[in-house]
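J.: quick one, structure for this:
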Amino acid sequence: MPKELSVDLIVVSRHEDPPGAPVIARALASAGLGVAEYQPAPPRDPGSAPAAGRQRVGTHVLTVLGTQATARVAAFRHDAPVTVGMGDAAFTTLTRGIDADDLRTLREGAVSLNLRMHATEAEIVRALEWQLRALKALLDVTQGACIDPVAQRCFGRARLARLAPGDPASHVAVHDELWAGESRWLHTHGMQKFGRPELDLVAVPHELAGEAGAFLREVAARLAAGARLAAGSEVDLDELGTLTAVGAPVDVEHQAPFGRLRLVDTPAPGEREAVGATRLLARMALAEASQQIDRGDIAGTLETIERVLAANPDDCDALALKARLSLRQGQPLDALSIGELMELRTPHDYRGAFVIGLALASLRRYREALHALNRAIDREPEAADAFAARAGVYERLGEEQRAAVDRAHAVYLGQ
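T.: Residues are numbered from 1 along each chain as shown. Modelled structure (predicted):
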């Protein structure tokens, strides 16, 4: 039997009275959302106690066009502001980033329209797009603001207009909180709309929070579009490497009916399982730095490299890229200093000796460069770039035969 999913959105009106039934029906029909069947609330039995908190005025029922999904728009009057029972901390988190008028509506509004939708997993993406269109129509009618309880966020009409149409990830929010004081915890809210587990990254260096957010949105979009992910699975990011999904705890404030998965760096053979994903996030940042170099954005490249080094001062990829940038800018002494630092911090990595060799060759200290490149090749006999660099040094020393051998070997390794 297909899994049925339910998604609620709450519109808090700026007005003191609910819109009339014909007004709501016309707004939905004008937006091309179908014809609604109106069901007024049954009259209250005079002998029964009044409902506490809110009274339903009536409900509009629709079928999402082209699907079997159904939607209900229920109008309510509240005895107090809709958000009156919400704690200050929760309210602040929920309303982060909205404008002052929408914030006031959420604090004071006592009329709500609850937009509830039911759809199967197969139809949920289409139904959610319909729901956003319906939400826009209801916000226009009420001049109000929306609470998305599952994604734990709020938005008004301006913020709704910024959501990318057709992007499943626009239905998901990424929250950013402190983790152990020295790093960040980024996690999703809203994946349960798609019947998928929520995602998180922990121990994210402050400097790499931007990459972490972008990565979570990318994975969320894949899952929302139909991909599957379970504990023990890997997320393949091509040349950037992989992350492993592991089970993560769920607490009261971070509900996850379909579970929560933590994405961590896939450990190398013999390496302990990681807690965070700093290695992959750093690779993402450095991939962007390489693109910045290609665009001629030297200042942007250096800023990105420094962010990676602030997260991990021993990151050889970042140090090597910084050294190559120094060489490109005609600063071989700076590159030499970086290579010596790499040798000191990561003595078993070939790239320290390799950078020293490049810098010394640039300074025309070819014999010293040759010794450095020999060390690099001894540490990593499969490094095509080291053989290519040594071929250039041999050529400068007039040793053409050795240069030809190294150049051919570099081509072979680079295939």
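J.: all strands of the stretch 201-350 of the chain, in order?
T.: 234-236, 242-247, 260-265 (DSSP state E, counting those that start in this stretch).
J.: run through the bridge partners of the closest residue to G232 other than its chain neighbours.
T.: Distance criterion Cβ to Cβ, 6 or more residues apart in numbering; nearest residue to G232, sequence neighbours excluded, is A245 at 6.9 Å. Heads up, the C-betas are built off the backbone N, CA and C, glycines and all. When assigned by DSSP bridges, A245 has beta-bridge partners L263.
J.: Q143 contacts V11, correct?
T.: No - if you go by Cβ atoms under 8 Å, Q143 and V11 don't touch, sitting 10.2 Å apart.
J.: ok so, going back, correct me, but the residue nearest to G232 touches E234?
T.: Yes - A245 lies in contact with E234 (Cβ under 8 Å); the separation is 7.4 Å.
J.: between the two, tell me which one has more neighbours.
T.: A245 (19 against 13; other Cβ atoms under 10 Å).
J.: so where's the chain uncertain?
T.: Within the chain, the stretches with pLDDT under 70 are 1-2, 44-52, 252.
J.: mind listing the strands for the stretch 51-200 of the chain?
T.: Per DSSP E, counting those that start in this stretch, the stretch 51-200 of the chain carries strands over the ranges 54-63, 70-78, 111-120, 145-148, 153-155, 173-179, 183-189, 198-204.
J.: could you dump these into CSV and include distance to L28 and mean neighbour count?
T.: CSV is the format used below for those (distance: least, Cβ to Cβ, whole Å; neighbours: other Cβ atoms under 10 Å):
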stretch, distance to L28, mean neighbour count
strand 54-63, 7, 17
strand 70-78, 8, 19
strand 111-120, 10, 21
strand 145-148, 16, 24
strand 153-155, 20, 23
strand 173-179, 26, 16
strand 183-189, 27, 23
strand 198-204, 31, 24
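J.: adding distance to R126, write the ones you listed out as JSON lines.
T.: Formatted as JSON lines, the strands of the stretch 51-200 of the chain follow (distance: least, Cβ to Cβ, whole Å):
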{"stretch": "strand 54-63", "distance to R126": "12"}
{"stretch": "strand 70-78", "distance to R126": "12"}
{"stretch": "strand 111-120", "distance to R126": "8"}
{"stretch": "strand 145-148", "distance to R126": "18"}
{"stretch": "strand 153-155", "distance to R126": "21"}
{"stretch": "strand 173-179", "distance to R126": "21"}
{"stretch": "strand 183-189", "distance to R126": "21"}
{"stretch": "strand 198-204", "distance to R126": "22"}
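J.: of these, which is nearest A386?
T.: A386 sits nearest to strand 198-204 of all the strands of the stretch 51-200 of the chain, at 33.3 Å, using Cβ to Cβ.
J.: tell me what the helix of greatest length in the chain is packed against?
T.: The longest helix of the chain (DSSP state H) is helix 124-142. In terms of contacts (3 or more Cβ pairs under 8 Å, 6 or more residues apart in numbering; DSSP states H and E), helix 124-142 is packed against strand 4-12, helix 21-30, strand 70-78, strand 111-120, strand 145-148, helix 157-161.
J.: format these as TSV; extra columns: distance to L321.
T.: As requested, the helices and strands packed on helix 124-142 are exported to TSV (distance: least, Cβ to Cβ, whole Å):
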stretch	distance to L321
strand 4-12	44
helix 21-30	54
strand 70-78	52
strand 111-120	47
strand 145-148	40
helix 157-161	37
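J.: so which of the strands of the stretch 201-350 of the chain is the most packed in?
T.: strand 260-265 (a mean of 23; mean count of other Cβ atoms under 10 Å).
J.: distance from it to the middle of the chain?
T.: 13 Å (Cα atoms, centre = their mean, to the nearest Å).
J.: contact partners of that strand?
T.: Contact with strand 260-265 is made by 187, 197-202, 215-216, 219, 229-231, 235, 241, 243-250, 254, 273-280, as judged by Cβ atoms under 8 Å, 6 or more residues apart in numbering.
J.: ok, A214 - contacts?
T.: A214 touches M284, counting by Cβ under 8 Å, 6+ apart.
J.: I'm done for today, thanks for sticking with me.
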